[in-house]
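In: Predicted model and sequence follow; I will ask about them next.
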Amino acid sequence: MTLRVMNTLSGEREPFEPADPDDVLLYYCGLTVSDAAHLGHARSWVHVDVIHRWLEHLGYGVRHVENITDVNEKIVARVGEADDGATLGDSELGVADRFIERLLTDMRSLNLKRAEVYPRVSEHVPEIIDLIETLIERGYAYESNGSVYFDVTEFPDYGKLSNQTIGDVETQGQEEEREEKRHPADFALWKAGGVAPETVAEHRSEDRTYETTPSGETWDSPWGEGRPGWHIECSAMSMAHLDSSIDIHMGGRDLVFPHHENEIAQTEAATGETFARYWLHADLFRMADEKMSSSLGNFIPVSEAVDRFGTNPLRLFFVSASYNSTQTYSEDAIEEALERWDRLEAAYDRITRSLDSPDARTKVDSSLGGAVEDAAEAFTAAMNDDFNTREALAALFDLVGAANRHIEDRDEYDYRGLRRTVETLETLGGGVLGFDFEGESGGEATIADELVELVLEIRETERAAGNYGRADELRDDLETLGVEVQDTDDGPAYRL
RNA sequence: GCCAAGGUGGCAGAGUCUGGCCUUACGCGGUUGCCUGCAGAGCAACUAUACGCCGGUUCAAAUCCGGCCCUUGGCUCCA
């Protein structure tokens, strides 16, 4: 069974075949660090993470690069902004540093596999300049007034990703650029001078106070002082850290045009090779009627959501819809994810406990082994079909149902079947979907655990003696302390 | 206006490429029962018989074809 992926370039699901069968080159268009990351970003990250994990599960090595855009007018706009008594940063890169720090914290809190490199634009200006020079030499770009533009009329494939023609694209970039450009659809590779004050002002907020005046970085170039254009960075960094031709290029659907279209033009014009063979786009995350977005200001920061809901339910929420369909935020949808996670986690705990039960036997005939195989097969089929995480998850729930039924119906448990159930949950649910079944309280037993167990022992004695009033008091007291007690066939269980 | 994605039961969300075995997908919610000293969890049953609208093709359509309506995204910074 082979993996098939939906390629934006062809508009079809295609068999996935990396150029090097051992190593997948994966580039993901990361964030512009002008604000805190929000749930829309988190959804994208989790899906890229699951894709990364699935490729590794299939046996591929994955070289995963994720850029950080730290040169941008919106970042400059926040220079000097008051932030908790201090300032957010007194330079463009200072502000960027501040947000990058938060970004990495957010990523860690979502249990994401780390990319190999998180390259920053500000550290790749020489590569960008080299690439622009190549484009000029090859006749695909021209200098005008100290800025450099890509000449779309020289690139016949322009529009192949977004299915447009040059005529469809009315204009790109700022109004005042138009007279510098030969064709209105031409786009900037390099912008002369510093940031324009009016674009900064546009992004400044009246709700915020600023302590210093903004300034953007500029770099020396063959065309004078200036700044790199928005699209060229990804081409340069993808080539620098991966190769001139890569397997997968990913990003949000809102990047298809113009960003990815322009990346293709720049890179393929410069190298003559196919830039990326598979373009995968994560669909957008919406708040009721419109997409969640930094610019619309309708977002929930990642850190807040992780605090409120926890990493596992949040990840479960995201994989409950496939990456290439839109997902809408609502309290009810989050509530459902919390409930589903509870079911999954409770089942995991129950199965793990049953393995230690004296009722677990090595020689018990049951259908559980078959259920494990069915689940693994269904999971694999779902993931191989363009990473259908919702169906993959359904396979795990089927398995959990089978295991619950088994424990429910039997006096003797199928030790091997249960063992394999746990392994499957850990491999597919943990390893691939990125759940952490051990939870925050996992690890060594603490003094708190020992004390809880001591109380539970006392409670068992009371129950055995028929002193239910006393037993219920103990349970209530523990509840007040935040310990949830459940009696099971295999003795009392608790969660902190 | 141009380009793209989508409209599925109370909610959420697969299935559409590769028509049928396509279904109570997996769940959430609701009702009832079993289990339990009680509670919780679990199990069982029931609940929704839905595929935007109108035509067409076919023995058979959520799935293919045509038309229409509506929503969303991109065309300006965006995951």
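Out: Structure's in. What do you need?
In: Closest residue of chain A to RNA strand B?
Out: A:Gly252 (2.2 Å; CB to the nearest atom of the strand). Bear in mind the C-beta positions are built from the backbone N, C-alpha and C, glycine included.
In: what about that residue, neighbour count?
Out: Neighbour count of A:Gly252, defined by other CB atoms under 10 Å: 21.
In: Any idea what it is bridged to?
Out: A:Ala282 (DSSP bridges).
In: Need the per-residue pLDDT for it.
Out: Per-residue confidence at A:Gly252 stands at 93 (pLDDT).
In: With the one 5 residues further on instead?
Out: For A:Phe257, the pLDDT comes out at 90.
In: cool, and A:Pro214?
Out: Per the predicted model, pLDDT is 77 at A:Pro214.
In: element containing it?
Out: Under DSSP states H and E, no helix or strand contains A:Pro214.
In: from memory it sits against A:Glu81, does it?
Out: No. Applying CB atoms under 8 Å, one finds A:Pro214 not in contact with A:Glu81, separated by 9.3 Å.
In: Look at the two and report which has more neighbours.
Out: Using other CB under 10 Å as the criterion, A:Pro214 and A:Glu81 rank with A:Pro214 on top: 24 against 20.
In: How about the contacts made by that one?
Out: When contacts are counted by CB atoms under 8 Å, 6 or more residues apart in numbering, A:Pro214 touches A:76-77, A:79-80, A:92, A:195, A:200.
In: Phi first, then psi, for it.
Out: Dihedral pair for A:Pro214: phi -70, psi 150, per degrees, to the nearest 10.
In: Need the contacts of A:Pro214 in TSV (columns: distance to RNA strand B and pLDDT).
Out: TSV is the format used below for those (distance: CB to the nearest atom of the strand, whole Å; pLDDT from 0 to 100):
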residue	distance to RNA strand B	pLDDT
A:Val76	11	92
A:Ala77	10	91
A:Val79	16	90
A:Gly80	19	88
A:Glu92	14	93
A:Val195	12	86
A:Val200	12	83
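In: Taking those residues, tell me the two that lie furthest apart.
Out: Greatest spatial distance in these: A:Gly80 and A:Val195, 13.7 Å, computed using CB to CB.
In: for the stretch 1-150 of chain A, what are the low-confidence residue spans?
Out: A:1 (pLDDT under 70).
In: at 90 what do you get?
Out: Residue ranges of the stretch 1-150 of chain A with pLDDT under 90: A:1-2, A:11-12, A:80-90.
In: those helices in it, which residues are they?
Out: Using DSSP state H, counting those that start in this stretch, the helices assigned to the stretch 1-150 of chain A run over residues A:39-57, A:73-76, A:92-109, A:125-137.
In: can you give me how far the last one is from the chain middle?
Out: Right, the one you point to is helix A:125-137. Centroid separation between helix A:125-137 and its chain, computed with CA atoms, centre = their mean, to the nearest Å, is 31 Å.
In: If you count contacts, what does that helix end up packed against?
Out: strand A:141-144, strand A:147-150, strand A:187-192, helix A:232-241, helix A:261-271 (3 or more CB pairs under 8 Å, 6 or more residues apart in numbering; DSSP states H and E).
In: quick revisit: hang on, the residue of chain A closest to RNA strand B packs against A:Cys29?
Out: Yes. Between A:Gly252 and A:Cys29 there is a contact under CB under 8 Å: 7.5 Å.
In: Select only the buried ones of the contacts of A:Pro214 in ChimeraX?
Out: Those of the contacts of A:Pro214 that count as buried under 16 or more other CB atoms under 10 Å are selected in ChimeraX with:
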select /A:76,77,79,80,92,195,200
